[in-house]
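J.: Predicted structure and sequence below. I'll ask about it afterward.
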2 protein chains.
Amino acid sequence: MPQEFSQIDRRHPRNDALPKALGLERFAADHYPEGLLWAGARRAGIPHARIRTVDVSAAAALPGVVRVLTRADVAGSNLQGIVHKDQPVLAGDKVRHCGDAVALVLAVDRETLARALSLVRLDLEPLPGVFDPAQALKKGAPLVHEGRRGGNVLVRASIRTGRGAAVLRECPVVVRGTFSTPMQAHAFIETENGTARLLPDGTLEMTVSTQAPFRDRFEIAQALGLDPMRIRVVAPYLGGGFGGKDGATVQCLLALAALHAGGRPVKMWWEREESMLAGYKRHAARLTYALGADRDGTLRALSCRIVMDSGAYAHLGGEVMALGMESAGGPYRIPHADIRGLCVYTNNPVAGAFRGFGAAQTAFAAERMMDRLAEKLGMDPLELRLRNALRRGDRNAAGVTMTASTGMAACLEALRAHPAYAAREAWKRAAPPHARRGAGVAAACIGVGYGRGLPDAATARIELTETGTFRIFNAVPDMGQGNASAFALIAAEALGQSPASFELVQPDTACCLPSGSSSAGRTTYTYGNALVRACGALRDRLLVRGAMALLADDTADLTLAPGAVRHVKSGRAVPLALLARMMILEDRTATAEFVMPVTPDATGGKGFVIGFPHLLFAYAAVLALSEVDELTGAVRVRRFVSATDGGRVLNPQGFEQQVAGALIQGMGWALSEDVLTREGRILNPDLSTYLVPTAADAPEVDCLAVDSVEETGPFGMKGIGEVNLNAALPSIGAAVQDACGARLDAAPLTPEKVLGARPRRARRTP
Amino acid sequence: MPQEFSQIDRRHPRNDALPKALGLERFAADHYPEGLLWAGARRAGIPHARIRTVDVSAAAALPGVVRVLTRADVAGSNLQGIVHKDQPVLAGDKVRHCGDAVALVLAVDRETLARALSLVRLDLEPLPGVFDPAQALKKGAPLVHEGRRGGNVLVRASIRTGRGAAVLRECPVVVRGTFSTPMQAHAFIETENGTARLLPDGTLEMTVSTQAPFRDRFEIAQALGLDPMRIRVVAPYLGGGFGGKDGATVQCLLALAALHAGGRPVKMWWEREESMLAGYKRHAARLTYALGADRDGTLRALSCRIVMDSGAYAHLGGEVMALGMESAGGPYRIPHADIRGLCVYTNNPVAGAFRGFGAAQTAFAAERMMDRLAEKLGMDPLELRLRNALRRGDRNAAGVTMTASTGMAACLEALRAHPAYAAREAWKRAAPPHARRGAGVAAACIGVGYGRGLPDAATARIELTETGTFRIFNAVPDMGQGNASAFALIAAEALGQSPASFELVQPDTACCLPSGSSSAGRTTYTYGNALVRACGALRDRLLVRGAMALLADDTADLTLAPGAVRHVKSGRAVPLALLARMMILEDRTATAEFVMPVTPDATGGKGFVIGFPHLLFAYAAVLALSEVDELTGAVRVRRFVSATDGGRVLNPQGFEQQVAGALIQGMGWALSEDVLTREGRILNPDLSTYLVPTAADAPEVDCLAVDSVEETGPFGMKGIGEVNLNAALPSIGAAVQDACGARLDAAPLTPEKVLGARPRRARRTP
C-alpha cells in the first residue's frame, strides 16, 4: 500500500453531484418508457383478515384497464423475503397487515389506475389482531402466521458470555433501565418504484430503485416461477434507500405486471402514503437492561432483553436483532453477559433493514445505562466510556473479539480534545432566554459487512475503453452514499490516473457482476477491495501490452502513468488510447472478486442464522449540544461533534456527508420520527404528519476522523455509513437530561415527553 | 505447488489424437469455403534482377481470371519481416531471390490459376548475384539491398567475456576446427496455406496455417495499410511448423487477394515446390572454432566466428544468430571467450526460424570440438563434458549466468547410468557384415523463450461453459507439438477437474488474447503459466459463487471438486452446471497474463537487438548408436538415448513425442537434408530429391527425463521442443567417427562424404 496517495484523502466532488444538481441524472422514477402502462396494487386496508373473495370484475371492466391480477395469476411460490420467505406477492387466503397487496391493476394512465383500484371489491373477514410484541407473546394470542412452529416468535436468540448475568449479584454497582425506540420510516425522497418490460426474447428487463439488483432476480424468479437469468435488473442512482430498498418492494408486483402487459412497458411508483403503508420500517424495540460495574467504573456484567416488532413478515428481523444483540453491551469490554432477543410477528407494518440495523436500538439503551452508571459513580461519562472502551484484542459483551482496527478509545480521546468539548459548560451558560442547554456524549459501534453465515463478496469489473479512458461497472447501487464516486477515486488511485478519466456504469445485472447489496457498511469496502484487485489485474495487462508496444522485455521497467504506459528509464511512452485500439474487449477488461474475511470467533450465540458475529466494526464518539425550549419542550440540537473510526478516509467530502447525514437522520429518530399506529393502521402516513428534519433543523456538525487504517480495506477504509446514527439518540438523550433533567427512556424525545419528564425543580426555573 | 498431482506426470493421449487419426480435425488446408477463388503468386524465377515490366494483360484476359495484382495494388508499406521489415509482399523494382513474388493472380480454379501465372510476362534485367556469405562479404560484391548501411551484412555481433581469445595462448591444450552446416527445409506435411475473406463490415477474416496469428495482424496491416484490429486471424491445428510458419508466408498475399476478391473467399495453398522455393529455411552456417583447456580438461578459452547465410531478406537472421552465439560454447563453463557473428544477405532462399534456432549450428561445432579435445587429452568424451558442465550459478562462454534450473550434469549422469551406455562397446562389436558401428555422445542446451529485448508474454482465457464444463481459449497455435493438449492437462490439474471436461478453442484473434508465437520453447511455458493464473482466478470466482449458493461465509471451507463446489466439512455441494446457469459470460470467464522473467545479466554482447541473453535453458545429453555401411557409406542411426532437462514432465507421452521428434528431425539434418542450390536456384525442390527421414529410418529412441523442477514454470516445466535436435548432428558425427574414423566437419554426413573421409586404414578392413 503506498504511503503517499495522489487521490485518496483529498477532497473531491462526487461524480454525480453536478448531474444531480442540474437535474440530468435519471433516477428510476424518471424513466417513462414510451407506451407505458401504470401498475398499482390494491392494499388490504385492514390489519388481519381472512380473504373471502376479491372481485375484480368492475375494475377490469373500466375502460383503460388492461388487466387486473390476483393471487391466482402468480405461477411461482408467491413468497418473497430475503432470508425467510413468508411475504406473499399478492395475498390469497389471508391479510396480515394493512399494506398487504391483494390485487394488481394495469391501466393506461394513473387516473384510471386509481379509479380501478377503488373498484376492486374485497370481501374480507376481519380477524382479531396483535399490535405489539407483548400482546403477540401472550398465550392464546391470535397468530399472524397460523400453523407456524414458534407461534408469533420469529426468532428467539441468546448469547451468554463468561458467567452470564449471575455476576450482576457480585457487582457493587448495578444500574437498571427499560427503554423503547420507535418504528422509523426511511422517508427517502424517491419512493419505491420501477419500470419493467417483457422483451420478445422472453427476457424481463427492469429498472428499479433497489439496493440489491442481483438478489432481486432470485426473489422475483422464485416468487413468480421464472428463470433468474432471464431477468435483467438495472439500478440507477437511488433517491435514498437507507435499507428500505433492500429486499423486494415493487419488484415482484412489477415483474408480474410486465408478464401480463403484452410486451408493453409497465411503471409502478408508490405514492408517499403507499410507501408509508407498504414499505419497510425500522423495528420498534423494547430493551430491558441491567449493567453492573466495580466502584472504579470497570464494567463487569450485563443482562439485557431485547424485544423487536417484526410486523407481519420476517424480512430481516432475525438479522437486525442479531446485530443489535452483538452490540448490546456497546463498544465496551464486559466479561459476563446474558443477552436475550425476541423478534416477534404482529399485524403492524413490516419492519426491515434500516441504517443502524438493530444496533441503533441497543445503542440507546447501552449508552443511557453508561450515563446512569456514571451518575451513580460520580464519574465523568466520557471518562467512564474511555476506561471501558474496546481496544484491539478485547472481547465485547457478546463475546466478539476485536481482531481488526479498533479505534473506540481514539474516538473518545479525539472528542475530549475537541475545543467544543472543553467549552461545553461555557456554551451551556450562554443559553438564550427560555432555553436550557445541555451536552451529552455517546459512543457507538456497528459491525461492518454481512457477518458470519453469508459470504460478503463482490466482483468488480473495469474496462479500458476503446478511447483510452476507463469504465467501472459498479455492481452495488449508489443510494446517495457516494460509493460510486468512491469507486472512481479508488480506481484512479490504483491505476495512477485522474478521476476524470473514469466513467461509471451503474448496476445492471446484464453487464455488472454479482456484488451483493448496498448495505451493512460493506458497499465501498467489499466492492472497493474487489476493484483494487481488478485494477491491479488491468494494470498488469496494460503493462504487458505496453511492453509489447515499447519492446520492453521487463514490465518492472514500466509504469502506468496518466493516460500512458511509460518506460521509466528512457521516458518513452505509449498512450493508452493507442493500446486500447489494439485490444479486443476481453483483453481490455479485468474482473476480480473479494470476499470479506470472517472472524474466527465461535461465540455462544444461539438462534442466529446470519449476521453474527462480525470481524470489522466502525466506531464513533459523539458530543451533542442541545437546547430545550422551556416553554414548549422542543429540543433543538445546535451542534454535533463526531469523531469516527471508519478506517482511512477516502474522500473527506464523502466522509463528512455520511457522518452528518447519519447524525441528522438519527436526530430525526431521536426527536420526532415515529410511525404512529392504532391497531396496525398508520396515523401519520405523510410527510406533513411524519416529521423528518429539514435543512433548517440541521445543526452544525464537526466531523473528525481518527487516524485509523483497516489493513483489510481498500486503501485502509472500512464502513462509515451507519455508526454515527447510533450515537445520535443517546447523545441527544444525555444532552436533554443535562439541559433540563428530563430522563427519557422512550424515544422519540418529543416536546410533550420532555415537558412531562422535567423534574419539578427544573420546571420552576428560571 | 502441490506435491501430489492428479493429472500431471501421467500418460494422457493428446486431445487431438483421435480427431486427427479419424481425419476429423480440420487443418487450415482443409478449409474450402463455398464460392472460393484461388490465389497464387508468380515467382521471379531468377535470383537477382531489376524488374523492367510486369505485363499482366494476357493473364488478366484469360477466362476465369478475376484479378491480377502487382506492386501498384499494394497500399501499405509493402514490406514484411518480424524484426527487420525488408521483404516485399510483391516485388516492384527488384528481385532478390528466385522466390520473390512479382504478381498475384485470383482465378476461379486451380488449373486456371496455373495457366494465368504462366501468362504473366516478366521483363527482368538480370543482375550479378552473391550466393554465399564469403562472396557477399567481398569488397565490391553486388549488393542485395542497395543503399543499405552495412552493405550485405545484416548483423555483425560480438561477445567478449573474461579476457577473451587472448587466453588461448596460455592454454596448454588448444583444438581448432572449421565446420559447416547446411540449409534445411521445414518440410512440414501441410505446406503454407490459408483462406481469407473480406466481410461486408470491412473485417478481413482469415484462417491460416500460422505460428503467430496475433503478430500476423500487424504484419498484414502494416504491409497493406490496414487497421490491424479489422483483421481476424484464426489458426487451426497446424500440419507442422517447426519455425517455418513463424512470420508471414501466405498471409499478406492472401489478404491482398481478399481485398480484391469482391467479398468472395480466397484460398492460397503453396505447392511443395513453391514451399521449397519461397518458404523459410534453416540458416546455412560456417563456424570457425578454437577451444583451449588445461591438461585436466578444464575449459579455459573459446574463440569462434559464426557466419550465417540469411538469404535475400532479414527475417529472424539477427535473432537466430544471437541464440547461436549465446550457446556457442555449449553447455559448459568457459571463463574467457571471443564470439563473433555475421549474418549476411545473399541471393539465396530466405532463411528464418527453425527448431534449434542457431544453437543447432553452434552445437555441432562446440560438441565436435569437445570430442577433439577429449581425443587430444585421452579423456572419455562424456567425462570431459561432465567436468565442464554448467551448474546453477555458473556462467557460460557468452557470459550468461545460469540462475534457473540447470540439469546439464544430471542429464550426462543419467546418460552414463543408462544400460545402453555401458553396453555400447559390446553393441559395436556385434556389428553385422559390411557394417561398422560407433557410439557418440553430445550435450546441448538452448535458451527458452524470447530472451531479452521483447516481452515474452501470454494471456490465457478460460471459461466455465453454460453447461458446467470448461473452455480454454488457446492463443498459441498447436503446430503438432501438443501444447493445446498440455493446456487441458494444466487446467485440469489447476482446477481439480478431469481433462475430459475441457474443450479447446484454437487460436482466433477475435476471442483469444494475445499470447505471442508458437516458438522458442516458450509455448507451453508462457501460456501455461498464464493459464495456471487464469485457472486460479476462475477457481476463486467459482468458490465465491459456490459460497453464495451454499451460504458458506468463508471460501476457505470450500473446495473445487470435479464438477462441483463442495463444502468440505458438511459434504454439501453445488454442481458447476447449476452455478454456470446463474452466471453471465463475464462472470464465468477468467483471463490472466504471464510475462516470462528476464535474466538480470548485462553481458558484453554488441550488435544484438532481441533474443540475448536468456534466463532459462533446456538441456539434453544424447547417445547415438550408429551403423556405417562399409560399401555405400550410408549411415544408419540404430538407437538414440536421450536424457533431457526440460523441467517437470507434464505428460510423458508428449515429452517422448517431442524428444524423439527433435532427434529424428536432427538426424535428417545430420544425414541427408540439404537444400542444394546453384546460383540461388534450388536443385532439390521436392520430397523425392530433398530427403527427409521416414518412419522406416527412425531408430529406437529412449527418452529419459532427469528429475528437474523449474520453479518459474507451470507445475515446474520448461521448454522441451528443441534441445534434442541440437544434439543429434554432433552425436551422430561422433558415432560415425567412432565407427569408421571419418571425421566430418561439414554436414550433412552423406554416404559420399563418409566414404571419402574414411581414414585409409579403415577403408582397408576387414
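T.: Here it is on my side, so go on.

J.: how about the helices of the stretch 1-150 of chain A, start to end?
T.: Using DSSP state H, counting those that start in this stretch, the helices of the stretch 1-150 of chain A run over residues A:17-21, A:57-61, A:110-119, A:133-137.

J.: Please spell out which residues along the longest one are buried.
T.: Just to be clear, that refers to helix A:110-119. Across helix A:110-119, burial judged by 16 or more other Cβ atoms under 10 Å in any protein chain shown covers A:112-113, A:115-117, A:119. For every residue, glycine as well, the C-beta is placed using N, CA and C.

J.: Equivalent analysis for the last one, please.
T.: By neighbour count with 16+ other Cβ under 10 Å, helix A:133-137 contains the buried residues A:133, A:136-137.

J.: From those residues, pick the one nearest residue A:21.
T.: Ranked by distance to residue A:21 (Cβ to Cβ), the buried residues of helix A:133-137 are led by residue A:133 at 44.3 Å.

J.: which residues sit in contact with that closest one?
T.: By Cβ atoms under 8 Å, 6 or more residues apart in numbering or on different chains, the contact set of residue A:133 is A:286, A:307-309, A:342, A:344, A:346.

J.: where does the stretch 601-750 of chain A dip in pLDDT?
T.: In the predicted model of the stretch 601-750 of chain A, residues A:603-604 satisfy pLDDT under 70.

J.: Around chain B, which positions in it sit nearby?
T.: Applying Cβ under 8 Å from any Cβ of the partner chain, one finds that the stretch 601-750 of chain A approaches chain B through residue A:610.

J.: ok and the residue in the stretch 601-750 of chain A nearest chain B?
T.: Residue of the stretch 601-750 of chain A nearest chain B, by Cβ to the nearest Cβ: residue A:610 (7.7 Å).

J.: Quick check: that residue touching residue A:451?
T.: Yes: Residue A:610 lies in contact with residue A:451 (Cβ atoms under 8 Å); the separation is 7.0 Å.

J.: So between those two, which is more surrounded?
T.: Using other Cβ atoms under 10 Å in any protein chain shown, the more surrounded residue of residue A:610 and residue A:451 is residue A:451, with 27 against 17.

J.: Could you report the pLDDT at the more buried one?
T.: We note a pLDDT of 93 for residue A:451 in this prediction.

J.: how close does it get to residue A:405?
T.: Per Cβ to Cβ, to the nearest Å, residue A:451 is found 17 Å from residue A:405.

J.: quick one: the strands in the stretch 151-300 of chain A?
T.: A:153-161, A:173-181, A:184-185, A:193-198, A:204-208, A:231-234, A:266-269, A:281-282, A:285-293, A:299-311 (DSSP state E, counting those that start in this stretch).

J.: I'd like to know how far the residue lying closest to residue A:245 once chain neighbours are set aside sits from chain B.
T.: Nearest residue to residue A:245, sequence neighbours excluded (Cβ to Cβ, 6 or more residues apart in numbering or on different chains): residue A:211, at 4.5 Å. Using Cβ to the nearest Cβ, to the nearest Å, residue A:211 is found at 17 Å from chain B.

J.: contacting residues for residue A:211?
T.: Listed by Cβ under 8 Å, 6+ apart, the contact partners of residue A:211 are A:235, A:238, A:241, A:243, A:245-246, A:477, A:479, A:517-519.

J.: Indicate the residue of the stretch 501-650 of chain A located nearest to chain B.
T.: Across the stretch 501-650 of chain A, the shortest distance to chain B (Cβ to the nearest Cβ) belongs to residue A:547, at 3.8 Å.

J.: Could you identify the most distant pair in the contacts of residue A:211?
T.: Maximum pairwise distance in the contacts of residue A:211, criterion Cβ to Cβ, is 15.1 Å, between A:235 and A:243.

J.: re the thing from before, including mean pLDDT, distance to chain B and mean neighbour count, could the strands of the stretch 151-300 of chain A go into CSV?
T.: Shown next, in CSV, are the strands of the stretch 151-300 of chain A (pLDDT from 0 to 100; distance: least, Cβ to the nearest Cβ, whole Å; neighbours: other Cβ atoms under 10 Å in any protein chain shown):
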stretch, mean pLDDT, distance to chain B, mean neighbour count
strand A:153-161, 96, 17, 21
strand A:173-181, 98, 29, 18
strand A:184-185, 98, 29, 28
strand A:193-198, 98, 19, 25
strand A:204-208, 98, 14, 26
strand A:231-234, 98, 10, 23
strand A:266-269, 98, 24, 25
strand A:281-282, 98, 25, 27
strand A:285-293, 98, 26, 23
strand A:299-311, 98, 21, 26
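
J.: So which of the buried residues of helix A:133-137 is the closest to residue A:80?
T.: Nearest to residue A:80 among these: residue A:136, at 22.0 Å, using Cβ to Cβ.

J.: Surely the closest one and residue A:145 touch.
T.: No: assessed by Cβ under 8 Å, residue A:136 is found out of contact with residue A:145, at 11.1 Å.

J.: what do these two both touch?
T.: Contact with both residue A:136 and residue A:145 is made by residues A:152, A:345, according to Cβ under 8 Å, 6+ apart.

J.: Next, the contact list for residue A:709, please.
T.: Residues in contact with residue A:709 (Cβ under 8 Å, 6+ apart) are A:405, A:647-648, A:716.
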